[in-house]
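Asker: only geometry, no sequence info:
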Ligand SMILES: CC(C)(COP(=O)(O)OP(=O)(O)OC[C@H]1O[C@@H](n2cnc3c(N)ncnc32)[C@H](O)[C@@H]1OP(=O)(O)O)[C@@H](O)C(=O)NCCC(=O)NCCS
């Protein structure tokens with residue numbers, strides 16, 4: 001039996017951090033392969049505290065003091081902030097194999113789906129045949145990704161979102177809870193689909209859309 005465990009650090013100690021810790025703990029129940037060292041988070045009020053049962057070890061710079069073999073996972077799935085996540089990943093200067101990809105044992109992932117690096121998939125998500133998920137994307141509980149849908153890097157598909165088949169979700173696009181994206185639609189890079197929205201047509205990049213049918217309400221600042 002392989003008893004070698006991977007030390008893993010969760011980047012982001014907010015509620016998303018708790019969701020990621022839950023996935024790791026669920027995987028460990030089946031095969032005890034991860035040792036959660038704690039969180040890194042730039043929020044100064046959290047330093048030295050414990051959240052979700054684990055220590056906040058320091059801010060992102062603390063990475064340099066962690067053991068060399070440490071693996072990382074992102075827990076930073078906020079609307080309108082996915083561009084910042086891209087910048088954080090660049091700042092961390094980690095190699096691809098420094099990130100773990102986490103799939104909750106209760107997620108349904110087709111063997112014909114492709115999942116990138118540093119991706120987290122929560123319980124109850126359905127990743128159907130031919131789906132491609134890019135790097136550093138975050139797929140929440142009960143999200144549905146229809147056949148042949150493409151989710152690019154840094155995207156967030158939040159809980160109970162329904163993304164029909166042959167759809168393209170752009171880099172860093174954020175698909176809100178209980179929203180519905182019709183088949184074949186393209187959601188542009190860094191755009192936000194509000195909770196409960198119904199998207200019937202292509203969405204340009206870096207814009208915020210809400211309602212049924214979805215209407216444009218604002219822009220996303222790429223900072
Ligand atoms: C879309 C969203 C990001 C907009 O946030 P925001 O930029 O702060 O926008 P505001 O709250 O200023 O709202 C702008 C307008 O959109 C409307 N609106 C915002 N979100 C809406 C939604 N989900 N559905 C319908 N209308 C919405 C507001 O009522 C407001 O309308 P008005 O200008 O006519 O008064 C946010 O409301 C949202 O839905 N986030 C996703 C939440 C989610 O899915 N979370 C999952 C967590 S696990």
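Answerer: Okay, I see it. These figures come from a predicted structure and were not determined experimentally.
Asker: can you give me the helices in this structure?
Answerer: Secondary structure of the chain (DSSP state H): helices at 15-30, 82-92.
Asker: would you turn these into CSV with mean pLDDT?
Answerer: Formatted as CSV, those follow (pLDDT from 0 to 100):
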stretch, mean pLDDT
helix 15-30, 98
helix 82-92, 97
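Asker: can you tell which of those helices is closest to the ligand?
Answerer: Comparison of those against the ligand by Cβ to the nearest ligand atom identifies helix 15-30 as nearest, at 7.7 Å. Any C-beta I mention is one placed from the backbone N, CA and C, and that applies to glycine too.
Asker: Can you list the buried residues in that closest one?
Answerer: Residues 16, 17, 18, 19, 20, 21, 23, 24, 26, 27 are the ones in helix 15-30 that count as buried (16 or more other Cβ atoms under 10 Å).
Asker: how about the residues of this structure near the ligand?
Answerer: 79, 140, 158-159, 176-177, 192, 194-196, 208, 210-211, 217-218 (Cβ under 6 Å from any ligand atom).
Asker: Could you identify the buried members of the residues you listed?
Answerer: The neighbour count (16+ other Cβ under 10 Å) marks 79, 140, 158, 159, 176, 177, 192, 194, 196, 208, 210 as buried among these.
Asker: Which of these sits closest to residue 87?
Answerer: When these are ranked by distance to residue 87 (Cβ to Cβ), residue 79 comes first, at 16.5 Å.
Asker: Just to check, the closest one is in contact with residue 175?
Answerer: No - contact between residue 79 and residue 175 fails when scored by Cβ atoms under 8 Å: they sit 9.5 Å apart.
Asker: quick one: common contacting residues for the two?
Answerer: Residues touching both residue 79 and residue 175 (Cβ atoms under 8 Å, 6 or more residues apart in numbering) are residue 156.
Asker: is residue 36 in a bridge, and if so with what?
Answerer: Beta-bridge partners for residue 36, by DSSP bridges, are residue 8.
Asker: Where does the record place the domain boundaries for the chain?
Answerer: Split into domains by automatic domain parsing, the chain comes to 6-75, 102-215.
Asker: which of the ones you listed sits most buried?
Answerer: Mean neighbour count (mean count of other Cβ atoms under 10 Å) peaks for domain 102-215 among the domains of the chain, with a mean of 21.
Asker: How far does that domain sit from its chain's centre?
Answerer: Per Cα atoms, centre = their mean, to the nearest Å, the displacement of domain 102-215 from the mean C-alpha position of its chain is 10 Å.
Asker: what distance separates the start and the end of that domain?
Answerer: The first residue of domain 102-215 is 34 Å away from its last residue (Cα to Cα, to the nearest Å).
Asker: do the same with stretch 175-189
Answerer: One end of stretch 175-189 to the other measures 11 Å (Cα to Cα).
Asker: how near is residue 193 to residue 38?
Answerer: To residue 38, residue 193 is 33 Å away according to Cβ to Cβ, to the nearest Å.
Asker: So, low pLDDT: which residues of the chain?
Answerer: For the chain, the stretches flagged by pLDDT under 70 are 1-3.
Asker: Enumerate every residue touching the residue most central in space within the chain.
Answerer: By Cα atoms, centre = their mean, the chain has its centre lying nearest to residue 138, at 1.6 Å. Applying Cβ under 8 Å, 6+ apart to residue 138 gives the contacts 16, 74, 75, 77, 119, 120, 155, 156, 157.
Asker: One more: residue 182?
Answerer: Counting by Cβ under 8 Å, 6+ apart, residue 182 touches 164, 167, 198, 199, 200.
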